[in-house]
Each structure stands twice: as C-alpha cells, then as structure tokens.
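**Q** Take this sequence and fold it.
(one chain, ligands or ions: 2)
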Amino acid sequence: KMLFKLLLALLLMFCVEAQDTRQILLTLSSVGNSEKGAQGPPGRPAGPVGVLGPKGQKGECTSNSACVDNTIQEMENRFNQIETLFQTGVKLINGTVWFSAGNGYLYRTLPASNYHAANRTCAAIGARLAVVAPRNINITRMIKQHFGVAAPHTWIGLNDIEQENAWVWENGERLLSSDTNWFTGEPNSFASGEDCVLLYPSGHWNDVSCDRVYTPLCEMSVFDT
Ligand SMILES: [Ca+2]
Ligand SMILES: [Ca+2]
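**A** Ligands and ions are numbered 1, 2, ... in the order given. Sure thing, here's the model as predicted:
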C-alpha cells in the first residue's frame, strides 16, 4: 500500500506541471499524514481526493486550464470596468468619487493651493493637473459644469516656467497652436510675469502668477485605475 502511495506521488510529480509545485507538496504531505495514522483503525485510503486540494483563492489556480479560465475572467472583469469608466458620470473608485468626462479620463478637484502645490496634490492621488480636457472646450465646459460653483477657477497642467512663451503641458508635450483656448488678450504675462494657467468656467484660459491660489483640476486615465 505504501509502495502504491509512493508510486502515486511519483506519478503525480511527472504529470503535474512545474508551476503546480505547491500541489505536489500538498499531495506528499497528505501521504505522510496517512502513514503516521497507520497504528490506529484503518483510515480511508489516500486517494485522488487529496490531489485537487482546496479551491484556490483569487489569483490562484490548480491546473493550466483553470489558470487560463481565471485569466480570461480577470480580463473580462477589467474590460467591463474600463468600459464603465468610459461612460460619462460620477464614478466611485476605491472609495473616492471621480467624474468621468467620457473621454477616457477621470476628474477630481482638491482644496485650493498655488500651482506647485496643486501639482503635488494631484500626483499624490495618482493623477496630474489636467492636460487632456483643456484642449477640448466642450469637454472642459462639461467638467466645469459638473464641479459647478464649488470650483469656478481651476489650475490646469500648463505653464511657461522654463522659458517665457514656450508653453508646456505637465505631461511634457509642447502646446500646439491648434490646441489653445486662450481668453481674448491672453496670454499677456501681466505685471511681474505670469507662467501658470487658470481655467475659467467658459473653458478659456488665462496666464496668471503661479503663486495665485486656485482649485487643482486633477486628471487620471481610466487605464490607471
Ligand atoms: Ca509667462
Ligand atoms: Ca494673463
């Protein structure tokens, strides 16, 4: 009987894939336990029951086909999640409320601060100051309408801090003339200089001092959730 168990164990070692090492160990340990109990009344023979082991928790699988099934299921769940996040409206992500503009990005406002602090607070929640929405005035207006009177004046991720009039988005892209929504007469780098960009409810921009205090408009890709 012992020989049979040993052969069974060896057979399993050859049959089971390398990634199922944990399962082999389970099988061997169950054989070992059976041997210890030999002195008592005969127990149930260690059969294939122990081979399958307990059903794995999320992310675990006990065979190649089960692993493939798990992967397909996970991909399907992720696809459904992304599809939902692409739909315009309020979304709850890990207990935090975001607004989806339907453009593949989520928006959230944070307590007002200067431009540099706004950059940091957006980064701290896995986002950045908005760089996609401000280029599309209709999407911008929808976002501004959503946040309403609570945040009429918001920072967006655009500045010419490095070099005057060389406007750069916070994702490193240069501002294209086809993407601008400057308010009439802006940018004017008024007085002692204005290197950061304020977004009005109308969707138009004004260059202002980076020391001014406005609401950060944070932006996060739905793929970063
Ligand atoms: Ca400037
Ligand atoms: Ca200005």
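
**Q** From here on, just use CA atoms for contacts and neighbour counts.
**A** Fine.

**Q** just so I have it, where are all the helices in the protein?
**A** Per DSSP state H, the chain carries helices over the ranges 2-15, 21-36, 49-52, 64-85, 115-124, 137-147.

**Q** Now residue 181. Nearest residue, chain neighbours left out?
**A** residue 204 (5.1 Å; Cα to Cα, 6 or more residues apart in numbering).

**Q** Domains in this protein, by residue range?
**A** Domains of the chain are assigned by automatic domain parsing as 2-82, 88-224.

**Q** Minimum distance to ligand 1: which of those domains has it?
**A** domain 88-224 (3.7 Å; Cα to the ion).

**Q** Looking at that closest one now, give me its mean pLDDT.
**A** Averaged across domain 88-224, pLDDT comes to 96.

**Q** For that domain, measure first residue to last.
**A** End-to-end span of domain 88-224 (Cα to Cα, to the nearest Å): 17 Å.

**Q** Equivalent analysis for stretch 163-182, please.
**A** 18 Å.

**Q** what's whichever residue of the chain sits closest to ligand 2 in contact with, if anything?
**A** The minimum distance from the chain to ligand 2, using Cα to the ion, falls at residue 207 (3.9 Å). By Cα atoms under 8 Å, 6 or more residues apart in numbering, the contact set of residue 207 is 186, 187, 188, 189, 194, 195, 196, 197, 198.

**Q** isn't the last one right next to residue 206, touching?
**A** In other words, residue 198. Yes. With contact defined as Cα atoms under 8 Å, residue 198 counts as touching residue 206 (5.3 Å).

**Q** Show me which of those two is the more surrounded one.
**A** residue 198 (27 against 21; other Cα atoms under 10 Å).

**Q** roughly how far apart are the more buried one and residue 180?
**A** According to Cα to Cα, residue 198 stands 13 Å off from residue 180.

**Q** Ok, residue 142 next?
**A** 17 Å.

**Q** My guess is residue 183 contacts residue 204. True?
**A** Yes. In this structure, residue 183 is within contact of residue 204 by Cα under 8 Å, at 5.0 Å.

**Q** Export stretch 195-208 to CSV, keeping only CA atoms.
**A** Below are the C-alpha coordinates for stretch 195-208, written out as CSV (Å, rounded to 0.1, in the frame of the first residue of the first chain):
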residue,chain,number,x,y,z
ASP,A,195,3.7,81.5,-16.0
CYS,A,196,0.8,79.2,-15.0
VAL,A,197,-2.7,78.7,-16.4
LEU,A,198,-6.1,79.3,-14.9
LEU,A,199,-9.1,77.7,-16.4
TYR,A,200,-12.4,79.6,-16.5
PRO,A,201,-15.9,78.0,-16.4
SER,A,202,-16.2,79.0,-20.1
GLY,A,203,-13.3,76.7,-20.9
HIS,A,204,-11.0,79.6,-21.7
TRP,A,205,-7.5,80.1,-20.3
ASN,A,206,-5.6,83.0,-18.7
ASP,A,207,-1.9,83.0,-17.8
VAL,A,208,-1.6,84.1,-14.1
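
**Q** Since that was my last question, I'll sign off now.
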